[in-house]
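A.B. asks: Fold the following for me, if possible:
(one chain, ligands or ions: 1)
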Amino acid sequence: MKNKVDMSVEFAGLKLANPVFTASGTCGYADEMADFMDLNSLGGFITKSITARTRKGNPDPRIVETDSGMLNAIGLANIGLEKFIEEKLPILEKFKSAVFVNIAGETIDEYITVAERLSKEKAIAGFELNISCPNVKKGGITFGTEPEQVEQITREVKAVSGDKILMVKLTPSVTDISEIAKAAVKAGADALSLINTFTAMVIDIETQRPVLANRTGGLSGPAIKPIAVYLVNKVYNEVAKKAKVPLLGMGGIRTAVDAIEFIIAGVTAIAVGTWNFVDPGSCKKIIEGIKQYCMRKEIPKISELTGTLKS
Ligand SMILES: Cc1cc2nc3c(=O)[nH]c(=O)nc-3n(C[C@H](O)[C@H](O)[C@H](O)COP(=O)(O)O)c2cc1C
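C.D. replies: Predicted structure coming up:
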């Protein structure tokens, strides 16, 4: 069955050329990476988080390498909604891959402002809601850690999103991720993405201070992969399969083997984050590697592999 693998997937009603995305925050707004990777060969591209206003983010140092991973405390540094529309959307409009805009904020109103304004833009296929942000109106409790908040933010953003796909990005820093997934689905999420980073810390033993100016940062990269695979499989079994809501899986993916693990665990598509910094060619290799695997296993369509984990 040489070259006969159908790599396309249907994702919340959207037909993607293949199941490989780049993860939010690791490829900027695309123009930064255009010299290093063929963005048109991707199934989808997710922008870094956009907020209603420009944000400078956290002070330096805001990145540190760890064993098999890294910590980042970028603090949602971004150019803000208006500049994004002016400067970046015209670049994204030219892409063949599906463009998802990741939205963040400090209040539900801020998320609504961004989603409502972008809901009319033809270049955008959908939104990814970054709910790993503190809700300033609720004393800084992270939106994504309470089912009631997740339900409210999903419902209110969905109401202004027009025909855009609404994907809610789950944080792993919760007691039961399925409860959060259920709340998002109940409120109308078209898709779920998981996982965001784990809050973590690195200490400099000479100064006896945290290495990051922010004290803590989000752990990503290969170190988190087995936990991400477990959480993906849990959400697939307990929520997504029955609700027929597609999952976008991420967390430490480096190779096609990693990507296939996520797909067997239950995701329709995967995203590569941290590994883009190590090898900007990794997405291309992953697409090819998935194809080779399907040929060897005589799987005619990659979509048939989703959720095929045997007991
Ligand atoms: C430097 C860096 C910046 C990130 N920025 C964002 C962001 O702006 N919004 C967001 O939702 N996730 C952000 N993430 C999280 C990733 O999208 C992804 O969920 C996480 O890193 C796990 O995937 P990975 O292990 O492949 O990197 C960022 C991750 C890194 C490493």
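
A.B. asks: my guess is residue 64 meets residue 200, correct?
C.D. replies: No. Look at residue 64 against residue 200 with Cβ atoms under 8 Å: they stay out of range, at 9.7 Å. The C-beta positions use only the backbone N, C-alpha and C, and glycine is treated the same way.

A.B. asks: any shared contact partners between those two?
C.D. replies: Here residue 64 and residue 200 have 71, 217 as joint contacts, going by Cβ atoms under 8 Å, 6 or more residues apart in numbering.

A.B. asks: isn't residue 250 right up against residue 195?
C.D. replies: Yes. Contact criterion Cβ under 8 Å: residue 250 and residue 195 qualify, at 6.7 Å.

A.B. asks: more crowded one of those two?
C.D. replies: Neighbours per residue, other Cβ atoms under 10 Å: of residue 250 and residue 195, the larger number sits with residue 250, 31 against 25.

A.B. asks: Tell me who's in contact with residue 33.
C.D. replies: 22, 27, 39, 276, 280.

A.B. asks: now the helices for the chain?
C.D. replies: 81-83, 89-92, 108-118, 147-159, 177-186, 225-235, 241-243, 256-265, 275-278, 282-296 (DSSP state H).

A.B. asks: Ok, which of these comes nearest the ligand?
C.D. replies: Closest to the ligand of these, according to Cβ to the nearest ligand atom: helix 275-278, at 6.0 Å.

A.B. asks: can you list contacts of the closest one?
C.D. replies: The set of residues external to helix 275-278 that reach it, using Cβ under 8 Å, 6+ apart, is 22-23, 26-27, 33, 37, 70, 221-222, 252-254, 282-283.

A.B. asks: Same check on stretch 142-161?
C.D. replies: With Cβ under 8 Å, 6+ apart as the test, stretch 142-161 has contacts from 103, 108, 111-112, 115-116, 119, 127, 129, 131-135, 138, 141, 166, 168-171, 173-174, 179-180, 182-184, 186-189, 196.

A.B. asks: what does the stretch 151-300 of the chain have sitting close to the ligand?
C.D. replies: Within reach of the ligand by Cβ under 6 Å from any ligand atom, the stretch 151-300 of the chain has these residues: 169, 196-197, 220-221, 224, 250-253, 272-275.

A.B. asks: what's the farthest-apart pair in those residues?
C.D. replies: 169 and 275 (18.2 Å; Cβ to Cβ).

A.B. asks: who's more crowded, these two?
C.D. replies: residue 169 (30 against 22).

A.B. asks: For the spatially closest residue to that one that is not a sequence neighbour, grab the count of nearby residues.
C.D. replies: Nearest non-adjacent residue to residue 169, counting by Cβ to Cβ, 6 or more residues apart in numbering: residue 193, 4.5 Å away. When neighbours are counted by other Cβ under 10 Å, residue 193 registers 28.

A.B. asks: right, and residue 193 touches residue 127 too?
C.D. replies: No. Using Cβ under 8 Å, residue 193 is not in contact with residue 127, being 10.8 Å away.

A.B. asks: residues shared between the contacts of those two?
C.D. replies: In terms of Cβ under 8 Å, 6+ apart, residue 193 and residue 127 are both contacted by the residues residue 167.

A.B. asks: Next, the residue in the chain positioned nearest to the ligand: phi, psi?
C.D. replies: Per Cβ to the nearest ligand atom, the residue of the chain with the smallest distance to the ligand is residue 25, at 1.9 Å. Per-residue torsions, residue 25: phi 90, psi -10 (degrees, to the nearest 10).
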